[in-house]
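need a 3D model of the sequence below.
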Amino acid sequence: MARPSFRSSEAALHDEAVRAAGSADFGDPSYREALRVLLAAYDDEAKLHDAGDAATRANLVQLLTTRLRSQAQLVDPGVATAADAIRRPIIVLGLVRTGSTALHHLLAQDPNVQVLEYWLAARPRPRPARATWDTDPDFLAAAGEIEAMYAFDPGLRKIHLMAPDLAEECRHFLAQSFTDDSFEVNATVPSYTAWYEGGRHVETYRRHRRLLGLLGGADPRRWVLKYPVHLKHLDAVLAAYPDACIVQTHRDPTKVMASYVELIAGFRAIFEHSIDRAAIAREQLEVWAAGAERAMAVRAAHEPAQFHDVFFQDFVADPIRAVRTIYARFGMTLSAEAEARMRAWQGGDPDGAHAKPRRAADDLGIPAELIRERFAAYLRHFDLREDGW
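Reported below is the predicted structural model:
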């Protein structure tokens, strides 16, 4: 029996989420525009196999359910108070595959900062005492989700390290509003990509701030966040966090694209048949070059002191020195305990920061020269040259 179209399933998806969450308040309804664009793209453009179709529908219900459960907590006046109290968060962003995950995990070793842990990003709630995590049903569910992804593609663990208690990027928060590039990563949805990349999603980032208030509560520690995607929507990030301290990571785009296409291909294989790496490369070349140019324009309109640049070669050569420059830039103190913990983490190279891409840019049907041509403005602006990695 054929499944109903995604478009015609909108009400049913919401109804299923309401039954799961036990509430019906989805909050600001602006998310429905994004959801409808996405549903149409699934119908008209995606190449979902049967398992991928089922998984995609389940994911939509899960996101709506998570939105409901989050919304039920966001109405607490204390959450708004905590969100308003967030000051000068460190936000790491930049082109994908530029060492941002390794940097984020390193910064997260400082006990004087707080980060968005994977399990709480996936199921937002006030952060409980650490001693309770390992037996918490939400923590165990997050661990199961991660292991399922790694079981499907064992190589993914080396490309992108995830664990329920590790610092995680902000994708879960943005996905609650259906404005996140994870949707274009998991499926072929060019109409959604065009809509999403061309939009200014300020309400998504305002909700992001409220969700941080929910998690952190009265915890006074400084937030350290990371998501490469924030680069493409830097104006919305700064609308929600006007005093944010932005750390932008950089790397030769020819190395970035090859590595990123491999990552996307791995995720898409979970949902789709006929993975076309060359088509992914062409799409993402434009998406990230245009996003980098938008970010350059946003930076030009703000005080330079609000930004700090970390170059891949410098980070790989001396990660602790890179951390020190960030702390110095933004008036933070790197304690002896924090540095010791960072060095201990760094010693095992858990993020594979020194791993080279498994596929070269030319293998994707896009010559390295074409990538550099499209990124020419970005390369000139930041004086970037081929880094050999």
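
and stretch 227-244, end to end?
For stretch 227-244, the first-to-last residue distance is 14 Å (C-alpha to C-alpha, to the nearest Å).

list of residues touching the strand or helix carrying L215?
Using DSSP states H and E, L215 sits in helix 202-216. Outside helix 202-216, the residues that touch it by C-beta atoms under 8 Å, 6 or more residues apart in numbering are 27-28, 30, 70, 73-74, 76, 79-86, 89, 114, 116, 120, 124-127, 170, 173-174, 176-177, 179, 223, 225, 233, 236-237, 239-241. Quick note: C-beta positions are derived from backbone N, CA and C, even for glycine.

for stretch 142-158, same thing?
Outside stretch 142-158, the residues that touch it by C-beta under 8 Å, 6+ apart are 118-119, 122-123, 162-164, 263, 266-267, 269-270, 352, 355, 358.

sorry, back to before: pull out the buried residues from the contacts of helix 202-216.
27, 70, 73-74, 79, 82-83, 86, 89, 114, 116, 120, 124, 126-127, 170, 173-174, 176-177, 179, 223, 225, 233, 236-237, 240-241 (16 or more other C-beta atoms under 10 Å).

the chain: strands as residue ranges?
Taking DSSP state E as the criterion, the chain carries its strands at 90-94, 113-114, 222-226, 245-250, 307-311.

state the mean pLDDT of the third one.
Meaning strand 222-226. On average, the pLDDT along strand 222-226 is 98.

now L48: how far from A265?
15 Å (C-beta to C-beta, to the nearest Å).

ignore the last one, P137
P137 sits 33 Å away from A265, going by C-beta to C-beta.

for R210, same thing?
Taking C-beta to C-beta, one finds R210 at 35 Å from A265.

who has more neighbours, these two?
Neighbour count, other C-beta atoms under 10 Å: between R210 and A265, R210 has more, with 23 against 19.

state the distance from the more buried one to E117.
Taken as C-beta to C-beta, the span from R210 to E117 is 18 Å.

low-scoring stretches of the chain, by residue?
For the chain, the stretches with pLDDT under 70 are 1, 348-365, 386-389.

thought L13 was touching L64?
Yes - taking C-beta atoms under 8 Å as the definition, L13 is a contact partner of L64 at 6.1 Å.

looking at these two now, which is surrounded by more residues?
Using other C-beta under 10 Å, the more surrounded residue of L13 and L64 is L64, with 23 against 19.

contacts only, for the closest residue to the more buried one other than its chain neighbours.
Leaving aside its sequence neighbours, L64 sits nearest to A17 (C-beta to C-beta, 6 or more residues apart in numbering; 3.5 Å). Residues in contact with A17 (C-beta under 8 Å, 6+ apart) are 61, 64-65, 67-68.

F183: which of those residues is nearest?
Nearest to F183 out of those is L64 (C-beta to C-beta; 13.9 Å).

contact partners for that closest one?
Contacts of L64 by C-beta under 8 Å, 6+ apart are 13-14, 16-17, 26.

show me where the stretch 201-350 of the chain has its helices.
Taking DSSP state H, counting those that start in this stretch to define them, one finds helices in the stretch 201-350 of the chain at 202-216, 234-240, 253-271, 277-300, 312-317, 319-329, 336-347.

what ranges does the stretch 1-150 of the chain have for its helices?
10-21, 31-44, 50-74, 77-84, 100-107, 118-122, 137-152.

mind putting these in JSON lines, distance to P367 included?
Shown next, in JSON lines, are the helices of the stretch 1-150 of the chain (distance: least, C-beta to C-beta, whole Å):
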{"stretch": "helix 10-21", "distance to P367": "42"}
{"stretch": "helix 31-44", "distance to P367": "29"}
{"stretch": "helix 50-74", "distance to P367": "31"}
{"stretch": "helix 77-84", "distance to P367": "46"}
{"stretch": "helix 100-107", "distance to P367": "26"}
{"stretch": "helix 118-122", "distance to P367": "37"}
{"stretch": "helix 137-152", "distance to P367": "31"}
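
out of the ones you listed, nearest to T333?
Using C-beta to C-beta, the nearest of the helices of the stretch 1-150 of the chain to T333 is helix 100-107, at 13.5 Å.

off-centre distance for that closest one?
13 Å (C-alpha atoms, centre = their mean, to the nearest Å).
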